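Chemist: Here is the input, now give the coordinates:
(one chain, ligands or ions: 1)
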Amino acid sequence: MYNFKGKVALVTGAGSEAGIGRACALRLAAEGADVAIADIAAPKKAGRGKNRWGGLDAVAAEIAAKGRKALPIVADVSNNVDVQRMVKQTLDKFGKIDILVSNAGIAGMRKPVREMTEEGWNQTMAVNLTGTFLVCKAASQNMIERGKGGKIIVTASINGKRAWAERSDYCASKFAVIGFTNSLAGELAKFKINVNALCPGLVETDIHRGWIAAEAKSRGVSEESIYREYYDSFVSKVPWGRTATGEDMAKVVAFLASDEAEYITGQAINVDGGFVMER
Ligand SMILES: NC(=O)c1ccc[n+]([C@@H]2O[C@H](COP(=O)([O-])OP(=O)(O)OC[C@H]3O[C@@H](n4cnc5c(N)ncnc54)[C@H](O)[C@@H]3O)[C@@H](O)[C@H]2O)c1
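Modeler: Prediction:
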């Protein structure tokens, strides 16, 4: 549908089996792009007992199977040394970055503020907000220097537009990510670099597994039962009647990365089955 032949994409947070990042990387590769895929240290195992998942290497193999080149990079987006190395490795292998999908993120503490630790707060901000800043800064530098424009898509969240109780660290980080994205869009427009935020609704990934495991333990029930309870109660409020998939996100990311989206910048686009709408 799009022609990304000759384009190079960098996708962070791309090693998780059920994740949005992997879906985006595969879609961009299917459209012809070579893709550098980055994730933090250990391969991410999918939650439903699939312990054989091979993380970044598995995603790289999937990209190669589509006839595109892949570069798996282990990097922590909250660490500037890692981010600099990640971009350098991408440039060393592919020579440029046309498309950045800054997607790595964590769910945060999911607690009342009075129970949150400063350390946990800082961690959420470090990955979701500072990580976005560091990755966008490093990758946009190459786009600016090359003078051929570029596309930056940042994964924010509907939690960057609507706050929820007991999610204050996550909501604060994602509200800030949208503000950062909009500001950067204004700044980079003169370089013909589009910068937009993707705001997913609820996608069935592993991002919630941490608090779900803790909740299951404290209630003495299975993780799967909490997982289903959480997702099913959310779905009842989604007009479209289902949770989102990584592919739902990848379709919009591919569009935003394409020439078709040339005149779209500084937007935070909900992909949420109508969950957030003015009623
Ligand atoms: N799943 C949802 O319902 C949902 C909704 C709205 C927004 N999002 C956002 O989508 C993005 C992707 O999340 P997902 O749902 O696919 O979850 P996921 O856990 O499957 O993927 C997130 C990936 O980011 C990686 N990561 C975490 N910390 C990192 C770090 N410091 N450096 C590099 N990589 C790191 C993880 O290892 C993981 O592979 C996140 O930014 C998240 O906030 C998710």
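Chemist: Just the CA trace of the helix or strand containing Leu56, in PDB.
Modeler: Take DSSP states H and E as the rule and Leu56 turns out to sit in helix 55-65. Listed next in PDB are the C-alpha coordinates belonging to helix 55-65 (Å, rounded to 0.1, in the frame of the first residue of the first chain):
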ATOM      1  CA  GLY A  55      12.800 -11.100  21.500                       C
ATOM      2  CA  LEU A  56      14.700  -8.800  19.100                       C
ATOM      3  CA  ASP A  57      16.300 -11.700  17.300                       C
ATOM      4  CA  ALA A  58      13.000 -13.200  16.500                       C
ATOM      5  CA  VAL A  59      11.700  -9.900  15.200                       C
ATOM      6  CA  ALA A  60      14.800  -9.500  13.100                       C
ATOM      7  CA  ALA A  61      14.200 -12.900  11.600                       C
ATOM      8  CA  GLU A  62      10.600 -12.000  10.700                       C
ATOM      9  CA  ILE A  63      11.800  -8.800   9.000                       C
ATOM     10  CA  ALA A  64      14.500 -10.800   7.100                       C
ATOM     11  CA  ALA A  65      11.800 -13.200   6.000                       C
END
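Chemist: I'd like to know how many residues surround whichever residue of the stretch 51-200 of the chain sits closest to the ligand.
Modeler: Here the stretch 51-200 of the chain gets closest to the ligand at one residue, Gly105, 2.2 Å apart by Cβ to the nearest ligand atom. In this view, the C-beta of every residue, glycine as well, is placed from N, C-alpha and C. Taking other Cβ atoms under 10 Å as the neighbour definition, Gly105 ends up with a count of 27.
Chemist: Please look at it and Gly13 and confirm they touch.
Modeler: Yes. The criterion here is Cβ atoms under 8 Å, and Gly105 meets it with Gly13 at 6.3 Å.
Chemist: that older thread, show me the contacts for the residue of the stretch 51-200 of the chain closest to the ligand.
Modeler: If a contact means Cβ atoms under 8 Å, 6 or more residues apart in numbering, then Gly105 has 13, 127-128, 131, 155, 157, 207 as its contacts.
Chemist: between Gly105 and Gly13, what contacts are shared?
Modeler: With contacts defined as Cβ under 8 Å, 6+ apart, the residues adjacent to both Gly105 and Gly13 are Thr155.
Chemist: Get me the contact residues on this structure for the ligand.
Modeler: Applying Cβ under 6 Å from any ligand atom, we find that the chain lies next to the ligand at 12-13, 15-16, 18-21, 39-40, 44, 76-78, 103-106, 127, 131, 155, 157, 200, 202-203, 205-207.
Chemist: Could you list which of those residues belong to strands?
Modeler: Secondary structure assignment (DSSP state E) places 12, 39, 155, 200 from these within strands.
Chemist: Which one (most neighbours) among these?
Modeler: Sorting those by how many neighbours each has (other Cβ under 10 Å) puts Thr12 first, at 30 neighbours.
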